[in-house]
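K.L.:
what would the 3D arrangement of this be:
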Amino acid sequence: MSRPDDDPAIAAHSRREGFLVGAAIGAALAAGGPAPSGRRRAPIALADPLLDELLAGGVDLRRLGQRWVAWHRDDGLDADPMLGLALQHLAEFDAPTDQLPQASVAVVAAALPAALAAASPRAMVSGTFHVARMLDPRPTTGLVAVAVVVAAAAFLEGRRDAVPEAVTLLRANDAPADLVDTFRAVARDRHLVPATPTGLNPDPAAVAAWALGALERHSHSVDALANLPLAGVGPVAGALLGALAGARDGTSSWPAEWFDAGGEDVPRRRTIAQRLGG
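P.N.:
You can find the predicted model right below:
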């Protein structure tokens, strides 16, 4: 029996637009409103340069890092301390840091657009790892980013049961057992309610489990996102949930005020979705 939102009529371009616009809306809902005019929240500012690189047909990691550094210097809205350390190192040494005190959840937001490269699965996975390494040297953080990107790519292709694909990817890459179990638990029990990852820099695996778990429990993406303004999560977690929800279901049923909350990022990301093709 299909779930209520299991609608084959959702076109690929609607999922793609939902993925991009959903990230902006999710970040805004978590933050309590649109970013100030001319500014960009961390999850959007990190993802946009990768989107531009993908549109140009290739990813220049050095140029990517330079754009992140410029944003952090001139804006830095909602940048958490780990992201700040990583970008300060990039700015000073023109190379990624080889240590951080904590894992950086910002990595997942930065790598998320790689899901749009699913036509080349190997390139998508390796590209995600390389982007992740720019901001956090931990292999486990890179594996979380890849697992989320694989799940997002499955949603973009119209497959609702995306978590098992993420689990398969983790196992194939010898991920630590506890990390695999975190994702397996989400796939195994749709009634599981992972702890809400509050603050600006929660554990990346906890954020991924929370977002994917919310979509497992709610067949309508509106329900998954409705509590975001009161959940206490940061913009990165909100962006991740919004992007995954939009990729799975599109945004046609989302309230108009959510698009207003997304501010300037909504029309800009719609334009990017159009550039990506129909």
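K.L.:
need the longest helix for the chain.
P.N.:
helix 12-31 (DSSP state H).
K.L.:
which other helices and strands does that one contact?
P.N.:
helix 42-56, helix 139-156, helix 221-225, helix 228-231, helix 235-249, helix 256-261, helix 265-275 (3 or more Cβ pairs under 8 Å, 6 or more residues apart in numbering; DSSP states H and E). Backbone N, C-alpha and C define where each C-beta goes, glycine included.
K.L.:
just these: most buried one?
P.N.:
helix 235-249 (a mean of 30; mean count of other Cβ atoms under 10 Å).
K.L.:
and that helix, C-alpha only, in CSV?
P.N.:
Extracted in CSV, the C-alpha atoms of helix 235-249 (Å, rounded to 0.1, in the frame of the first residue of the first chain):
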residue,chain,number,x,y,z
PRO,A,235,19.6,26.5,10.6
VAL,A,236,21.8,23.7,9.3
ALA,A,237,19.5,21.0,10.7
GLY,A,238,16.5,22.9,9.5
ALA,A,239,18.0,23.2,6.0
LEU,A,240,18.8,19.5,5.9
LEU,A,241,15.2,18.6,6.9
GLY,A,242,13.7,21.1,4.4
ALA,A,243,15.9,19.9,1.5
LEU,A,244,15.1,16.2,2.1
ALA,A,245,11.4,16.9,2.5
GLY,A,246,11.3,19.0,-0.7
ALA,A,247,13.3,16.4,-2.6
ARG,A,248,10.8,13.7,-1.6
ASP,A,249,7.5,15.5,-2.0
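K.L.:
next, the angle from it to helix 12-31.
P.N.:
150 degrees (axes from the mean of the first three to the mean of the last three Cα atoms, to 10 degrees).
K.L.:
and helix 235-249, what does it pack onto?
P.N.:
Right, helix 235-249 is packed against helix 12-31, helix 42-56, helix 106-111, helix 139-156, helix 204-217, helix 221-225, helix 228-231 by 3+ Cβ pairs under 8 Å, 6+ apart.
K.L.:
what about whatever helix or strand comes next after the second one, distance to the chain center?
P.N.:
To tie it back to what came earlier, the one meant is helix 42-56. Proceeding N to C from helix 42-56, the next assigned helix or strand is helix 61-74, under DSSP states H and E. Relative to the chain's own centre, helix 61-74 is displaced by 18 Å; criterion: Cα atoms, centre = their mean, to the nearest Å.
K.L.:
same for helix 61-74, what does it pack against?
P.N.:
Against helix 61-74 (3+ Cβ pairs under 8 Å, 6+ apart) you get helix 42-56, helix 81-93, helix 121-135.
K.L.:
low-confidence ranges in this protein?
P.N.:
For the chain, applying pLDDT under 70 flags the ranges 1-9, 278.
K.L.:
try 90 this time
P.N.:
For the chain, the stretches with pLDDT under 90 are 1-10, 57-58, 118-119, 187-195, 198-200, 227, 229-231, 274-278.
K.L.:
to L85, which of the helices and strands packed on helix 235-249 lies closest?
P.N.:
helix 106-111 (10.8 Å; Cβ to Cβ).
K.L.:
quick check, R248 in contact with S221.
P.N.:
Yes. Judged on Cβ atoms under 8 Å, R248 makes contact with S221 at a distance of 6.4 Å.
K.L.:
got the helices and strands packed on helix 12-31 as CSV, with distance to D203 columns?
P.N.:
CSV is the format used below for those (distance: least, Cβ to Cβ, whole Å):
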stretch, distance to D203
helix 42-56, 16
helix 139-156, 9
helix 221-225, 20
helix 228-231, 16
helix 235-249, 11
helix 256-261, 26
helix 265-275, 26
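K.L.:
for A30, which of those is the nearest?
P.N.:
Across the helices and strands packed on helix 12-31, closest to A30 is helix 235-249 (Cβ to Cβ), at 2.7 Å.
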